[in-house]
Every structure is written in C-alpha cells, then in structure tokens.
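K.L.:
Kindly return the folded structure for what I paste below:
(one chain, ligands or ions: 1)
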Amino acid sequence: MKTALITGASRGIGKATAELFAENGYAVIINYNKSEKEALSLVSEIRGKGGTAMAIKADVSSETEVSEMMKKISENFSSIDVLINNAGISLQKMLTETSIEEWDNIFGITARGTFLVTKSVLPMMINKKSGSIINISSIWGNVGASCEVAYSSAKASLIGFTKALAKEVGPSGIRVNCLCPGVIDTDMNKMHSEETLACLCDETPLMRIGSPSEVAETILFLASEKSSFITGQVFSVDGGMTV
Ligand code: NAP
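P.N.:
Numbers count the residues shown, from 1 in each chain. So this is what the prediction gives:
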C-alpha cells in the first residue's frame, strides 16, 4: 500500500484529496493545525470505509512540530510515496496595509512550510529512488492578484521551488509538480459575497467556480504512474480563468 502525506488535510482541497487517495487505495496521513475535530472525523470516515488514515497535528511553519510529525510518521509508516504540500492561508490586503507579521506568516506557512516538510520527506524518497511531490500554489502565484501581493508572492515561490527541485531530484527518480487552482469552493472563499462570486464566475470560461474534488483528481493523476514522465510542471485547474 502506498502512503500519501497531505498537509492541511482537515478541510477543503486537502480533505477532498485525502478522501480520493483513500478511495484509490492509499494510506493517508492527514496533517492539520487547528481543525482537530474535522481531521479526526475525516480519519473515522475513511476508516469506516475500510481505508487507512491517521491524523497528525503540526503547524507546518514550525521546525519542531514538523520534526515531531515526522517522528510519528516513521513510527507508523515504512515510507512516504506521495507528498502534497497543500497547507495554506489567504490574505486579501493591499501591500501598503500588509504588516511584516502578516507577510512573514503567509511565507512561513507557504514557503517555509513546504521547505520544512519536503526536506524531511525527501531522504525517504531518495532511499527508495521514487516519489511524487505535488505543491499546491494558486493561479495568483502564476499571474498575480491585485490586493493579494503577499499571497501571490508566497504562491509564486512554490513555482520556483517546484522547477528547481524537479531538476535536483529527478535523477533520484522523484517527480515534483505544481498545481495552480483557480477559484475553488472551500472555506478560503467564504468571505466573498454572492456578487463577488458571480463576478468571478463571469471571468471564468467554464462560468463557474471549481470543486475541491476537481483539484483532487488532478493531484491523484500527478501522484500516479499515469504521469510518470511529467516533472517540473505547473498545471492550472481553473476553468480557463487564466487562459
Ligand atoms: P481551506 O479550506 O481554508 O483549508 C486550508 C487548510 O490548510 C486547512 O486544512 C488548514 O488546517 C490548513 N492549514 C492552514 N495553516 C496551516 C498550518 N500552519 N499548518 C498546517 N496546516 C495548515 O483552504 P483550501 O481552499 O482548501 O486551500 C488549500 C490550498 O489550496 C491552499 O494552499 C490554498 O492557498 C490553495 N488554493 C486554494 C484556492 C481556493 O480557491 N480555495 C485557490 C488556489 C489555491 P487547520 O484548519 O487544521 O488549521
């Protein structure tokens, strides 16, 4: 049985990914930070359907917590085959109103978190000479969003991270790809009014927002052998919004 570690899997895209991976025979490690109830209920749901799942709390921006998470993983799983760096937060503010703390926090979770978790998982993958890493960026990391400079910059860092790491670990049989979701129906977009969501749909060729499961299906493809010759790539799952 292959094992997938999904960061930020208590809600939204990460949760849908954990459900889909479990349905497809993966043992899933559900990392969460604050939403313990949701993470434990997801574990019960997956186990109830005969799947293998474990929830582990860790703030991905904390070196200590990531290290404790890896210790728990090594006690319970022989290796990690797939890593999905999905944990993230949003920030809608003009640059002039963004505080240093907010800037550091979003980079802490997005860039530092991805660095810390990937660095911890890589030795296992290098040892096996196989693995797939999928980094969840955003269309805004690709094209930039007004009033989301911190978010766009942090997400853009994952694109560089993906391309460089793909070159570095390709000879070790490890693939690294990046996914840029468009507007997806999760808590992250709950603050938008009906009017704003309607405008976002109007800007999307497919005339709707996406579902977490549509992102999860692409992640599953990038984790699987079906994408065995694909690495260092950036894919948009955005209904055509950034075409
Ligand atoms: P969401 O519903 O708000 O869920 C965010 C997840 O990230 C939660 O499970 C949360 O866990 C976790 N998380 C946040 N900070 C964390 C930390 N410090 N350590 C560990 N986990 C942490 O958001 P989503 O829409 O599913 O977003 C998932 C990813 O997709 C994010 O990286 C986001 O930027 C990206 N994305 C989303 C959209 C969209 O439209 N929804 C578009 C483009 C990209 P806890 O609740 O347990 O803290």
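
K.L.:
from here on, contacts and neighbour counts on C-alpha atoms
P.N.:
Fine.

K.L.:
Can you confirm whether the helix or strand of the chain with the lowest mean pLDDT lies near the ligand?
P.N.:
Counting by mean pLDDT, DSSP states H and E, the chain has its least confident helix or strand at helix 194-202, which shows a mean of 95. No. Helix 194-202 does not reach the ligand (Cα under 6 Å from any ligand atom); its nearest approach is 10.7 Å.

K.L.:
Residue numbers of this protein in contact with the ligand?
P.N.:
Checking the chain against the ligand by Cα under 6 Å from any ligand atom, the hits are 7-14, 32-35, 58-61, 86-89, 109, 136-138, 181-189.

K.L.:
How about Ala39: what's its closest non-neighbour residue?
P.N.:
Ser10 (4.5 Å; Cα to Cα, 6 or more residues apart in numbering).

K.L.:
Which secondary structure state does the one you found sit in?
P.N.:
Here Ser10 takes the coil state, with states given by DSSP: H, G, I helix; E, B strand; the rest coil.

K.L.:
rewinding a little: tell me which other helices or strands the helix or strand that comes right after the least confident helix or strand of the chain touches.
P.N.:
The helix or strand immediately downstream of helix 194-202 is helix 212-223, counting by DSSP states H and E. In terms of contacts (3 or more Cα pairs under 8 Å, 6 or more residues apart in numbering; DSSP states H and E), helix 212-223 is packed against helix 12-23, strand 131-136, strand 174-181, strand 234-237.

K.L.:
which residues sit against helix 212-223?
P.N.:
Here helix 212-223 makes contact (Cα atoms under 8 Å, 6 or more residues apart in numbering) with 12-14, 16-17, 20-21, 82, 132-134, 177, 179, 181, 184-186, 227, 230, 237.

K.L.:
Off-centre distance for that helix?
P.N.:
11 Å (Cα atoms, centre = their mean, to the nearest Å).

K.L.:
Kindly report the same for stretch 202-222.
P.N.:
The answer for stretch 202-222 is 14 Å, by Cα atoms, centre = their mean.

K.L.:
ok, now stretch 108-123?
P.N.:
11 Å.

K.L.:
and that stretch, which residues are buried?
P.N.:
108-118, 120-122 (16 or more other Cα atoms under 10 Å).

K.L.:
Repeat that for stretch 222-229.
P.N.:
Result for stretch 222-229 [16+ other Cα under 10 Å]: buried residues Leu222, Ala223.

K.L.:
Equivalent analysis for stretch 211-222, please.
P.N.:
Ser211, Pro212, Ser213, Glu214, Val215, Ala216, Thr218, Ile219, Leu220, Leu222.

K.L.:
If we only consider those residues, which is nearest to Glu203?
P.N.:
Ser211 (16.6 Å; Cα to Cα).

K.L.:
contacting residues around the biggest helix by length in the chain?
P.N.:
Scanning the chain for the longest helix, with DSSP state H as the assignment, gives helix 149-169. Contact with helix 149-169 is made by 90-95, 98, 103, 106-107, 110-111, 126, 135-138, 140-142, 144-145, 174-178, 231-234, as judged by Cα under 8 Å, 6+ apart.

K.L.:
so who does the most centrally placed residue in the chain touch?
P.N.:
For the chain, the residue nearest the mean C-alpha position is Asn86 (1.6 Å; Cα atoms, centre = their mean). By Cα under 8 Å, 6+ apart, the contact set of Asn86 is Ile6, Thr7, Gly8, Ala9, Ile13, Gly14, Asn135, Ile136, Ser137.

K.L.:
give me that answer again for 7 Å
P.N.:
Ile6, Thr7, Gly8, Gly14, Asn135, Ile136 (Cα atoms under 7 Å, 6 or more residues apart in numbering).

K.L.:
Report how many residues lie close to the last one.
P.N.:
Which is Ile136. Ile136 has 28 neighbours, counted by other Cα atoms under 10 Å.

K.L.:
Am I right that it is in contact with Asn177?
P.N.:
No. Using Cα atoms under 7 Å, Ile136 is not in contact with Asn177; the gap is 8.9 Å.
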